[in-house]
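J.: Got a predicted structure here, sequence first:
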Amino acid sequence: MSKGSIQVISCKAAVCWGEGEPLVIEEIQVEPPQASEVRVKMICAGLCHTDILCSKGYPLIIEFRSPNCVSSSISQALFPRILGHEGAGKITFSCSVVESVGEGVTELKEGDLIIPTFIGECKECENCCSGKTNLCEKYPTLYHGLMLDNSSRMSVRGQRLYHLFTCSTWSEYMVINVNYVVKIDPRVPPTHASMLSCAFSTGFGATWKETQVESGSSIAVFGLGAVGLGVVEGARIRGASKIIGIDLNEEKKEKGKVFGMTDFINPGGSDKSVAEAIKELTGGLGVDYSFECTGVASLINEGLEATALGRGVTIVIGVSHETIALVNINSLICGKTVKGSMFGGIKPQSDLQSIIDKCINEELHLDALVTHEIQLDEIGQAFELLKQSDCVKVVILI
Ligand SMILES: NC(=O)c1ccc[n+]([C@@H]2O[C@H](COP(=O)([O-])OP(=O)(O)OC[C@H]3O[C@@H](n4cnc5c(N)ncnc54)[C@H](O)[C@@H]3O)[C@@H](O)[C@H]2O)c1
Ligand SMILES: [Zn+2]
Ligand SMILES: [Zn+2]
């Protein structure tokens, strides 16, 4: 460890100064890591749709619990902020406490390839032990834009910068608590590793951890971005026989097939409701599972209507500012379920390795997700690129 590595580092990062404002590349200061933290030199980062929501001020009002801020409430947008929660990087300096992390936390050392996760896993709290959820109470998603101790490790010209969730990946360097870090086998290309830190794993996990998509079952996926395509891939690997993709973008038809989609519906091209179109494709019964991966709140209800009576399950993944009423109470009474999901139900320490192994064994089509690569200096284009019809994942090379 070089002496310089424990100093404050000045580096380049993309700063979001306010709601909807263009990103600005600034020289920022990144503090040394404190107890149980590591400083990471980013190799690449991803753009997930949730970053766009955060650039618009999400989350505006939310309550959450963490060990140090029980039932905190956030009522204003967090700016200036460094966005980005997908990424891969190398540890440059780990403070001594890292060597004494509890059992089950991967041992980390300088030079390790890691990805950040936006949920931790203590393996001790009531939720971790319940076997029912991945929402760890000790290491929750940090919505307040700060580290676990309520402070930031990043600043610009003396002004505090907010983090995004547990990290901030659109920066040359970032600091993260080790409980939100997963070590990655160096055989995994960093661009692939980056996509495992949020979108793809979220979709993939939802077919395996939130539901147990069975061999021969039918599913409908609303939205074929990196999340939705992760659902398609997961369902194919689990043996689903009918995988219906729904997207307004016709170019997603060919993309979905690469991952195993069997049927495609473009809601823009028909007078029928999507639920009716899905029922037609499933002999009138509806699908076993539907997955909402657009963030268009009204599609939750469409997904609910498209599932089979008595057993259909709808998983809500897409994030939205909107609130909706699930209007058809009868559908719920007739045995259908709607369930929300964070990170596809994946526990970072217990479950992510299985996806990493599939990545090493080249069972996943991660190359087909990366449609655009840009340099950090070009990040101003990233949001516009995601609007292009041929875009799935923008990877930022750092
Ligand atoms: N719950 C979680 O843990 C979690 C994790 C990652 C992302 N997300 C959320 O999941 C959603 C998807 O993320 P992404 O990065 O894949 O987004 P994306 O923007 O890359 O993809 C969304 C897709 O939905 C399609 N779409 C939009 N409106 C539609 C409509 N009305 N009907 C049909 N298709 C429509 C778009 O054409 C696009 O292909 C976002 O809301 C994101 O915030 C949630
Ligand atoms: Zn994300
Ligand atoms: Zn826990």
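T.: Yep, it's here. Ligands and ions are numbered 1, 2, ... in the order given.
J.: Neighbours of the residue in the stretch 251-398 of the chain positioned nearest to ligand 3, how many?
T.: Nearest to ligand 3, among the residues of the stretch 251-398 of the chain, is K347, at 8.9 Å (C-beta to the ion). Using the backbone N, CA and C atoms, a C-beta is placed for each residue, glycine as well. Neighbourhood size, K347 [other C-beta atoms under 10 Å]: 20.
J.: and the gap between it and ligand 1?
T.: In this view, K347 and ligand 1 are 13 Å apart by C-beta to the nearest ligand atom, to the nearest Å.
J.: what residues are up against that residue?
T.: 119, 121, 128, 134, 136, 209 (C-beta atoms under 8 Å, 6 or more residues apart in numbering).
J.: Swap in 6 Å and give it another go.
T.: Residues near K347 by C-beta atoms under 6 Å, 6 or more residues apart in numbering: 121, 134.
J.: Likewise for T133?
T.: With contact set as C-beta under 6 Å, 6+ apart, T133 has these partners: N127.
J.: again, but for the one 4 residues further on
T.: For E137, the contact set (C-beta under 6 Å, 6+ apart) comprises 125, 127.
J.: and the closest residue to ligand 1 within the chain, backbone torsions?
T.: Minimum separation of the chain from ligand 1 (C-beta to the nearest ligand atom) falls at G225, amounting to 2.1 Å. Recorded main-chain torsions at G225 are phi -80, psi -160, according to degrees, to the nearest 10.
J.: How much space separates it from I244?
T.: 16 Å (C-beta to C-beta, to the nearest Å).
J.: Please apply the same query to K138.
T.: For K138, the distance to I244 equals 39 Å [C-beta to C-beta].
J.: more crowded one of the two?
T.: Under the neighbour definition other C-beta under 10 Å, K138 and I244 were set side by side, and I244 has more, 25 against 18.
J.: Could you break the chain into its assigned domains?
T.: 3-197+365-397, 200-344 (automatic domain parsing).
J.: Quote the end-to-end distance of the last one.
T.: If I follow you right, that is domain 200-344. Using C-alpha to C-alpha, to the nearest Å, the end-to-end distance of domain 200-344 comes to 9 Å.
J.: 679 is where my numbering starts, stick with that
T.: Will do, 679 is the new start, and the previous item becomes domain 878-1022.
J.: residues in contact with A1060?
T.: Counting by C-beta under 6 Å, 6+ apart, A1060 has contacts 725, 1072.
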